[in-house]
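> below are the sequence and a predicted model for it; my questions follow.
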Amino acid sequence: MANTMDKLSKGFVSAVCLLGVGFGMVRNMICTRTYQEDPSAFSNAQIGYAPMVGSTDHPNATLRYLELTWREVEPTEGQYAWDAIEQRYGLAALREQGIHLVLRFVCDVPGQKKHLDIPEWLYAQTADGSWYSTSYGKGYSPDYANDILRAAHHKVVSALAEHFDADGFVTYVELGSLGHWGEWHIKSSDGLVPMPDETIRDQYATDYLNAFSNAKLLMRRPFNIAVSNRLGLYNDMTGHEKDTNEWLNWIKNGGWYGKEANGLSAMQNFWQDAPVGGEFTSSLPMEELLDTELSRTLQLLDASHMSFLGPKAAQPAYSQGYQAVLKRLGYRLRVTTLKLMPHDGEAVVSLTVANEGAAPFYWDWAANLYLESADGTTLSTVQLPLSLPKLMPGETQTVEVVLKEVDLWALLLLHKEHLTIGIVDPMTDRDAVRFAMNAPQQNGRTVLF
């Protein structure tokens, strides 16, 4: 049925073109084609669910979440375990598949047993933090104001960026490092060494700002340094109404951070320039998030303009909620109208592209119009002057390009050639973005004619 409908659609377009010129010469035709929305939910480049590396729950996800402790990154001072990390997490295979990473570097992950998440050599040089056993779990919280720790952190973050940032493999870096789970809070009410003041915290953030140039950086709260550097934000309590509304209130109004009256700054509409991520809260059952209170979950997502969720993402067993949440994450691009206008032996192509999602596409990847033969061979490529990061939700952009040496008979009437559109991931040099429109998809591209 799909093939039949596609043939009918092509036949209709050809008939309209011919009727428009009274069955005149093809070179005088002006053809217009419109495309309807594809309402389905699907994973797409740089957005969607970001399950833990190695998870099998979301096989189509284009993102994976990688949490690295300082202990595993730098087991010996100045020596980084990249080979072991690459092998342990199968990173080469992920790169080849075109999957990107959400990276968080951490120093303290509460667990069930007493343990250390910073390296032994660093602990030996500092040892002024807090061993703890709290309601969070057990572990060791360093004194982040320690000068030795701060200097070593600068070096390890530089090493992380040198390894991960060059090829765009890491899409997002959630600024961790400080606090339990890297979430920039410490249970100091239980006697642990508290978080350092803003001046020192900013030094940790600056390490990331100076080291990473390709990955998008996100902070847990709208700290002043996040505002001044136009960073993204992440919410690890997604779906929890009280906590998410508090997080949204920080974004709207700023406010207190600990004992600091102005530790947080308002950064409304920051999502227009920088991404929003995070994960589902662990304090609520998935049945509530995706079934009984699904409408609440979706409302909170809409207010947040999120692009990805992970590592705690929706469970596929709750199919309706799983699909509804996935559809709310990130951009949704659609070509709404295409006009083909022959001129002086060439063809002018005008395209209108809409973003019907919750956020822009934050990367300036090349969007191309391709002329292909019937067997899929690319005959010519023209880059479209689309500014994807500036295409906000609810907006459109119309662009024009010229196709040279195009055989209109082969394209419009004989269907021996095709026009396709694609957006190229620089990491793989392959088209990677699916357009949310009812049109055939092949080799990462969307067929227009």
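Thanks, I have the structure now.
> how far does the helix or strand containing I148 sit from its chain's centre?
Secondary structure assigned from DSSP states H and E places I148 in helix 147-164. For helix 147-164, the separation from the chain centroid amounts to 24 Å (computed by CA atoms, centre = their mean, to the nearest Å).
> before we move on, what about stretch 173-190?
Relative to the centre of its chain, stretch 173-190 is centred 23 Å away, using CA atoms, centre = their mean.
> quick one: terminal-to-terminal distance for it?
With CA to CA, to the nearest Å as the measure, the ends of stretch 173-190 fall 30 Å from one another.
> may I see the buried residues of that stretch?
Across stretch 173-190, burial judged by 16 or more other CB atoms under 10 Å covers 173-187. The way it works is simple: take the backbone N, C-alpha and C, and place the C-beta from them, glycine included.
> before we move on, the earlier item: other SSEs contacting the helix or strand following the helix holding I148?
Following the chain from helix 147-164 toward its C-terminal end, the next helix or strand by DSSP H and E is strand 170-174. Here strand 170-174 touches strand 100-106, strand 216-219, going by 3 or more CB pairs under 8 Å, 6 or more residues apart in numbering; DSSP states H and E.
> now the stretch 51-200 of the chain, which segments are flagged as low pLDDT?
By pLDDT under 70, the stretch 51-200 of the chain has no low-scoring segment.
> all strands for it, in order.
63-69, 100-106, 130-134, 137-141, 170-174 (DSSP state E, counting those that start in this stretch).
> of those, flag the one that's most buried.
strand 170-174 (a mean of 26; mean count of other CB atoms under 10 Å).
> now do the helix holding I148: which elements does it pack against?
Using 3+ CB pairs under 8 Å, 6+ apart: helix 147-164 touches helix 70-73, strand 100-106, helix 120-125, helix 198-211.
> mind running it again at 6 Å?
Counting contacts by 3 or more CB pairs under 6 Å, 6 or more residues apart in numbering; DSSP states H and E, helix 147-164 is packed against helix 198-211.
> list the buried ones in the helix it packs on?
E198, R201, D202, Q203, Y204, A205, D207, Y208, A211.
> just give me the closest of the residues you listed to P360.
Y208 (22.3 Å; CB to CB).
> which residue is the nearest non-sequential neighbour of N438?
Leaving aside its sequence neighbours, N438 sits nearest to Q36 (CB to CB, 6 or more residues apart in numbering; 4.7 Å).
> the one you found: how many residues sit nearby?
10 (other CB atoms under 10 Å).
> same thing with A354?
So A354, with other CB under 10 Å, has 22 neighbours.
> try N253
As a burial measure, N253 scores 12 neighbours (other CB under 10 Å).
> what about the closest residue in space to it that isn't next to it in sequence, how many neighbours?
Excluding the flanking residues, the one nearest N253 by CB to CB, 6+ apart is A266, at 5.5 Å. Neighbour count for A266, taken as other CB under 10 Å: 14.
> go ahead and confirm A266 touches G255.
No: look at A266 against G255 with CB atoms under 6 Å: they stay out of range, at 8.6 Å.
> which residues of this structure fall in helices?
2-20, 70-73, 82-89, 91-97, 120-125, 147-164, 198-211, 224-228, 241-253, 286-287, 294-304, 319-327, 408 (DSSP state H).
> could the ones you listed be laid out in CSV, adding distance to M341?
Formatted as CSV, the helices of the chain follow (distance: least, CB to CB, whole Å):
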stretch, distance to M341
helix 2-20, 11
helix 70-73, 56
helix 82-89, 51
helix 91-97, 39
helix 120-125, 65
helix 147-164, 46
helix 198-211, 47
helix 224-228, 46
helix 241-253, 45
helix 286-287, 52
helix 294-304, 39
helix 319-327, 35
helix 408, 11
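> and those: which comes nearest G111?
With CB to CB as the measure, helix 70-73 is the member of the helices of the chain nearest G111 (12.3 Å).
> what comes into contact with the closest one?
For helix 70-73, contacts defined as CB atoms under 6 Å, 6 or more residues apart in numbering pick out C107, D117, I118, P119.
> ditto for stretch 365-372
Applying CB under 6 Å, 6+ apart, the contact partners of stretch 365-372 are 378-384, 386, 401, 418, 420-424.
> got it, and stretch 241-255?
Stretch 241-255 is contacted from outside by R221, P222, N235, M237, L264, S265, A266, M267, Q268, L300, A303, using CB under 6 Å, 6+ apart.
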